[in-house]
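*Asks:* with the sequence up front, the predicted model follows.
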Amino acid sequence: MRQEKRRLVLLVAVIAFLSFTLPALASEGKININTATEKELCVLKRVGPKYAKRIIKYRNQEGEFKTPKDITSVKGIGLKTYEANKAIIVVKDGN
């Protein structure tokens, strides 16, 4: 019984770990802010569910971001957040 409990705890830990790392790995470390889901946007530093929802709402209302720096047009997303993530934010392949 004790061994089964350990296996279950290990399985839950692995699933939790993968749920946070797979979005980043799937896009080779890049986050396309024009197509990313809320969960994928939460991979960004300084971005939690609240700001991820704002990013999605902004792009739905205003259209696609033209440059990665355009993310700073979203209320609450400033230069510090952009600077912390500029290496992984893209708006299309290669940008």
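*Replies:* In hand now; what should we look at? Please read these numbers as outputs of a predicted model, since none were measured by experiment.

*Asks:* the helix or strand containing A84: what's the following helix or strand?
*Replies:* Element membership of A84 [criterion: DSSP states H and E] is helix 79-85. With elements assigned by DSSP H and E, the helix or strand that comes after helix 79-85 is strand 89-90.

*Asks:* ok, back up a step: what's the helix holding A84 in contact with?
*Replies:* The contact list for helix 79-85, computed with C-beta atoms under 8 Å, 6 or more residues apart in numbering, reads I31, L44, K45, R46, V47, Y51, P68, K69, I71, T72, I89. Placement of C-beta: from N, CA and C, glycine included.

*Asks:* and with 10 Å instead?
*Replies:* The contact list for helix 79-85, computed with C-beta atoms under 10 Å, 6 or more residues apart in numbering, reads 31, 33, 41, 43-47, 51, 68-72, 74, 77, 86, 89.

*Asks:* filter those residues down to the buried ones.
*Replies:* With burial judged by 16 or more other C-beta atoms under 10 Å, the buried subset of the contacts of helix 79-85 is 31, 33, 41, 43-44, 47, 51, 68, 70-72, 74, 77, 89.
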